[in-house]
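*Asks:* Compute the structure for the input listed below.
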Amino acid sequence: MSRARVAVLQIVSNQLSVTEAAVEYGISRRHLHRLLARYREGGLDALAPRSRRPHSNPAQTPPAVRERVIELRLRLTADGLDAGPVTIAWRLEREGHKPPAPATISRILQQAGLITPQPRKRPRSSYTRFEMAQPNEMWQSDFIHWRLADGTDVEILNWLDDHSRYLLSCTVHRPVTGDVVVAVFLGLVEEYGPPASTLTDNGRVYTSRFTGGRNAFEYILPILGVRQKNGAPGHPQTQGKTERFHQTLQRWLRARPAPRTILELQRQLNQFQAHYNERRPHRALDRRTPGDTYRATPKASPATNDHAPGHYRLRYDRLDTKGKMTIRRAGRMHHLGIGTSHAHKRVLALADDHYITVIELHTGEVLSTHLIDPAKTYWRNQNKEPGRWPSPSKRDL
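*Replies:* Numbering: from 1, shown residues only. Alright, predicted model coming up:
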């Protein structure tokens, strides 16, 4: 029996006065009088300890907001989207609600049984993080395997801007080859401008440094003045942004029906790219979208390079058996004759407003220069002697 009950019983039985009971049992006289009043109303059961929790809490999350938190969690998870407390708070704010703190949202989800306990992970403070200061200062690239509905294995090639996490490209191939990497990269250069550097793993489509020689991608980058960076072998943490991005992409794809064709998968990837860049807040960007971040800061550019002019279009190709290639301009196909002695060579064609210059990829040698004449189908080689790519200031534009 508790001290409070013994003290009250001795007081009501006139064995002790209130003052004596207070001294005997170490209970204040004020509290004893409160206990005696409760005893008169409800007997000994009324002397049980009562909760000190307040009857109302003005700061309590409104029921409507709690329900919306749970609805958002279920919907975002079903759609394969990020459904963490920070993202839910961002969406509540966009809907006009006053969002609770992320810790409060986490408690709401835990109480609703919507959080699966995770094993202890390496603390974030132990990682060495880096982020480029400007867009286009460094592009990261990697690819993953995926399967179509019939089990066909395909590969998804991604290019990500390091500063903004902006998804520059997300394309499906069967498979990703060195030529695919170069073609997609040059298309991005034409659309966004060349980056100052690239960061990839040591896959053969990116580098041949462990097998001897150089591949097409490694020849392209110096021509454009782009610095190539590769992560240490067996250390994927260097490409941590792309590794984490792959988790987001795969979760989104799993939440949708398996595509039957490459075209269907590409349509899904296009939808994902638009959502990821423009409608998904990123925790690392202080809940801004990658698109807003990419456009908010002036873009970096490669170091000064005499190989390429300031304004140009790029085309990566292999010459045919007669040393020719084709190029489309203004919806019309034109033929370029480089020379039979250069048959089967891999080349890079750089086009400005007046000329197209064809460079041998492996040596950087200028093979031909062609005057752009929209009225003609065949553009002859204007160079009589091959040489190196001249400085733009020395060209007759």
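
*Asks:* all contacts plus neighbour counts: C-alpha atoms, from now on.
*Replies:* Will do.

*Asks:* What residues of stretch 216-230 count as buried?
*Replies:* Going by neighbour count (16 or more other Cα atoms under 10 Å), the buried part of stretch 216-230 is 216-221, 223-230.

*Asks:* backbone phi and psi for the closest residue to Pro233 other than its chain neighbours, please?
*Replies:* Leaving aside its sequence neighbours, Pro233 sits nearest to Asn202 (Cα to Cα, 6 or more residues apart in numbering; 6.9 Å). Main-chain torsions, Asn202, degrees, to the nearest 10: phi -100, psi 30.

*Asks:* what about Asn202, how many neighbours?
*Replies:* 18 (other Cα atoms under 10 Å).

*Asks:* and if you look at the one 3 residues further on?
*Replies:* Here the neighbour count serves as a burial measure; for Val205 (other Cα under 10 Å) it reads 20.

*Asks:* show me the contacts for the nearest residue to it once chain neighbours are set aside.
*Replies:* Closest residue in space to Val205, ignoring its immediate chain neighbours: Gly178 at 4.3 Å, by Cα to Cα, 6+ apart. Shown in contact with Gly178 (Cα atoms under 8 Å, 6 or more residues apart in numbering): 204-206, 215-217.

*Asks:* what does Leu269 give?
*Replies:* Contacts of Leu269 by Cα under 8 Å, 6+ apart are 170-171.

*Asks:* That one and Cys170, how far apart?
*Replies:* According to Cα to Cα, to the nearest Å, Leu269 and Cys170 sit 6 Å apart.

*Asks:* Likewise for Pro281?
*Replies:* 19 Å.

*Asks:* Mind checking which of the two has more residues around it?
*Replies:* Neighbours were counted for Pro281 and for Cys170 using other Cα under 10 Å; Pro281 has more, 22 against 18.

*Asks:* check contacts around the residue nearest to Thr293 when sequence neighbours are not counted.
*Replies:* Nearest non-adjacent residue to Thr293, counting by Cα to Cα, 6+ apart: Ser164, 5.3 Å away. Listed by Cα under 8 Å, 6+ apart, the contact partners of Ser164 are 135, 285, 290-291, 293-294.

*Asks:* same thing but at 10 Å, please
*Replies:* Contacts for Ser164 were tallied using Cα atoms under 10 Å, 6 or more residues apart in numbering; they are 131-136, 277, 282, 284-285, 288-297.

*Asks:* Would you confirm that it belongs to a helix?
*Replies:* No - according to DSSP: H, G, I helix; E, B strand; the rest coil, Ser164 belongs to no helix; its state is coil.

*Asks:* wait, what's in contact with Thr61?
*Replies:* So Thr61 contacts 98-101, 104-105, 108 (Cα under 10 Å, 6+ apart).

*Asks:* In JSON lines: these, plus distance to Arg251.
*Replies:* JSON lines is the format used below for the contacts of Thr61 (distance: Cα to Cα, whole Å):
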{"residue": "Lys98", "distance to Arg251": "29"}
{"residue": "Pro99", "distance to Arg251": "26"}
{"residue": "Pro100", "distance to Arg251": "26"}
{"residue": "Ala101", "distance to Arg251": "26"}
{"residue": "Thr104", "distance to Arg251": "25"}
{"residue": "Ile105", "distance to Arg251": "22"}
{"residue": "Ile108", "distance to Arg251": "23"}
